[in-house]
Every structure is written in C-alpha cells, then in structure tokens.
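Colleague: any chance you could fold what I've pasted below:
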Amino acid sequence: MNFKDCGKDICELFNIDYPIIQGGMVWVSGSKLAAAVSNAGGLGLIGAGSMKPELLKEHLKKAHDLLEDGKHIGVNVPLLYRLAEEQIQVCLDAGIKIFFTSAGSPKKYTKFLKDQGCTVVHVTSSPLLAKKCEDAGVDAIVAEGFEAGGHNGRDEITTMCLIPQVCDTVKIPVIAAGGIFDKRTIKAALCLGASGVQLGTRFLMTKESSAHQNYKDKIIAAGPGDTRLQMKPHVPVRLLKNKFATESLKLELECAPVEKLIEHLGKGRAKLGMLDGDTDEGELEVGQASGAINDLPSVSELMKDFSTIF
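Modeller: Below you'll find the model as predicted:
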C-alpha cells in the first residue's frame, strides 16, 4: 500500500500537511500541545471538557499567539457538558472554524455550526452511531475503538473491528482512534480504510502536554494490562490502575448502586490525578497504548517520525 496517497481528503478538509489529529483530552490538551501539533503539520485540538468558558478563552488566545503563520487549531467540545453552548460561542468569537463534538447527539449543534461556516466532526463508537452522525450532516467521523482512554462507548468494539465496519457504513471520511500510537498502528488504521488517525495517549506523553509529570511517569512504568474500562453502570471510562481505580472496581464488583459510584467519583478526581499529579487518589484516564509507550518526546520529534509515512 502506498501511504503517500492516504489521507488527502482529511488534509484538504482541515488544511493540514498530515492526516494526524491530536485528541482533545481533558486536563491534557491545552494551548501549548494543540499549537505544537498544528505547527508540526497535524491538527491540534484544545480539550474544552475541563475548561470553563473564561479559561477556554485564555487557552484560545495563547494558542493563537503560539501558532505559526497559516496554522490553526480546532476544539473538542463534549456536548453533555452543561457549559457546552457557552464554550461553542467562545470558540466562534475567537475565530475557531473546526469543531470536534462528542458525548452527545450530533444533531444538537451540527447545523448551527455549519451555518457559521465551520467544519464539524463527531466522535462515535459504533457503525450505527456513525450513520446517525452522517445523517446529521457532519463532515467527518472519529471512530474510536474500545482501546481508547477516557470515556468509551458501551458497545466495546475494538478499533480493528470498528474501522472497517464504519468505513462500509458511511461515505464521509473516517478518522480512526483508539490504540494508535506509532507508525505501525497508523499504517494499520489506514489499511483498514481510515482516512486519518487521532492519537490521544501518545500526544499526552509529550513534553508539551499539560499532564503532570507524576502522571507521565506512571504511564511510562505501566504494563500492557494496567488499564481497565470501569464504571460501566455510570459512564464507562478507561483508567490506569491505581488506588482510586481499585476502590472503584471493588464497588462495581459489589454491585453498588450508581449513586454510590457517583459519590465515590466525587468532584475533581480527573484534575487531581491528571493535572495535579496525585496518582493514588486521582482519576487517571489513559488508553491501552500506555503499555507500549516508554518515552517522552517533543511533539516536533514525534511528528517528524510520523511524517515519514506520507
């Protein structure tokens, strides 16, 4: 397969050099990371899910100052977040034209954003949902497999099975996500029919990500089986094993009611672990790729390596 011919539709859609997108992760994907990925030829996304509108505004301004001429970023907005509408308006006011939406119905804002001249991509985890996204008018789909970190789909379809089925279901470009972290896995996703790839954990593990060093060190030390998909009765999420995750699993195995799981989760657990660096009591969202990552390169080093595919 000639990979130099791959991803042209994604590159044209986003006006980027390589069909590589950095996932919009909470507490990790701030202005520095997003700008670095875009400056290196991919598409950087600010993860708005952990930001109140004022903080998002600050990150958008910082990213603008960091971007080279002709480069741009996008924003990932979880639609179930209570401030999603305000976040979208902040982004529009800042001139953002690329929106990745997730955790909610693609019908909610797609037409509105398209009417503003924006490009809209929705994250999905099944062929059925991918078709609903296409019918809602999105420009592309992120098909995210069960291997991915953070909040996952309930169907638990792995990337290798998901991507071909989604590509057979829709006519718009498909961006593969979940378990993609190096040139081998990028090539595999393209061979499965994807037009591009989205990487989360691999970009989390760069010098520019805002993840705490304690969190990064724990990922470097992680083995292949050190993540689990947990809290399925509430909201499925893939976590790195630690004290908090073990306690959560115990509650699940005891068939604790959802209310008890929510009480245990509390507030600020993800920030505590991922940004503040409490790797015992914090919620550490990460993908299965963590077991294969043992270095911390700069974004430019990583993208230079990836670029040799195309």
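
Colleague: okay, now the unreliable bits of the protein?
Modeller: Within the chain, the stretches with pLDDT under 70 are 233.

Colleague: just want the most central residue of it.
Modeller: Gly23 (3.0 Å; Cα atoms, centre = their mean).

Colleague: what about it, distance to Gly117?
Modeller: Taking Cβ to Cβ, to the nearest Å as the measure, Gly23 falls 24 Å from Gly117. The way it works is simple: take the backbone N, C-alpha and C, and place the C-beta from them, glycine included.

Colleague: show me what contacts the nearest residue to Ser50 once chain neighbours are set aside?
Modeller: Spatial nearest neighbour of Ser50, excluding adjacent residues (Cβ to Cβ, 6 or more residues apart in numbering): Val26 at 3.8 Å. Residues near Val26 by Cβ atoms under 8 Å, 6 or more residues apart in numbering: 47, 49-50, 150, 270, 274, 285.

Colleague: mind redoing it with 10 Å?
Modeller: 47-51, 76, 78, 81, 150-151, 270-271, 274-275, 283, 285 (Cβ atoms under 10 Å, 6 or more residues apart in numbering).

Colleague: what about it, distance to Thr110?
Modeller: Taken as Cβ to Cβ, the span from Val26 to Thr110 is 22 Å.

Colleague: coming back round to it: look up how far Val286 lies from the residue nearest to Ser50.
Modeller: Note on Val26: its distance to Val286, by Cβ to Cβ, is 12 Å.

Colleague: the stretch 201-310 of the chain: strands as residue ranges?
Modeller: 227-230, 237-240 (DSSP state E, counting those that start in this stretch).

Colleague: so who does the residue nearest to the centre of the chain touch?
Modeller: 29, 37, 44-45, 47, 76, 100, 102, 123, 142, 144, 148-150, 177-178, 180, 198-204, 287 are the contacts of Gly23 under Cβ under 10 Å, 6+ apart.

Colleague: now, which of these lie within strands?
Modeller: Per DSSP state E, strands hold the following members of the contacts of Gly23: 45, 47, 76, 100, 102, 123, 142, 144, 150, 177, 198-199.

Colleague: what's the farthest-apart pair in the residues you listed?
Modeller: Ser102 and Leu199 (15.6 Å; Cβ to Cβ).

Colleague: hmm, back to that, shared neighbours of Val26 and Val286, anything?
Modeller: Counting by Cβ under 10 Å, 6+ apart, the residues touching both Val26 and Val286 are 150, 274.

Colleague: pull the CA atoms of the lengthiest helix in the chain into CSV?
Modeller: Counting residues, the longest helix in the chain under DSSP state H turns out to be helix 53-66. Output of helix 53-66 as CSV, limited to C-alpha atoms (Å, rounded to 0.1, in the frame of the first residue of the first chain):
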residue,chain,number,x,y,z
PRO,A,53,-15.6,29.5,29.2
GLU,A,54,-13.1,32.1,30.6
LEU,A,55,-10.3,29.5,30.8
LEU,A,56,-11.1,28.3,27.3
LYS,A,57,-10.9,31.9,26.1
GLU,A,58,-7.4,32.2,27.7
HIS,A,59,-6.2,29.0,26.0
LEU,A,60,-7.5,30.1,22.6
LYS,A,61,-5.6,33.3,22.9
LYS,A,62,-2.4,31.6,24.0
ALA,A,63,-2.7,29.1,21.1
HIS,A,64,-3.2,31.9,18.6
ASP,A,65,0.0,33.6,19.9
LEU,A,66,1.9,30.3,19.6
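
Colleague: run the chain-centre distance for it.
Modeller: With Cα atoms, centre = their mean, to the nearest Å as the basis, helix 53-66 stands 19 Å off its chain's centre.

Colleague: next one: stretch 159-172
Modeller: Relative to the centre of its chain, stretch 159-172 is centred 18 Å away, using Cα atoms, centre = their mean.

Colleague: so which bits of that stretch are buried?
Modeller: Buried residues in stretch 159-172, counted by 16 or more other Cβ atoms under 10 Å: 159-160, 162-167, 169-170, 172.

Colleague: do the same with stretch 46-56
Modeller: Buried-residue list, stretch 46-56, by 16+ other Cβ under 10 Å: 46-51, 53, 56.
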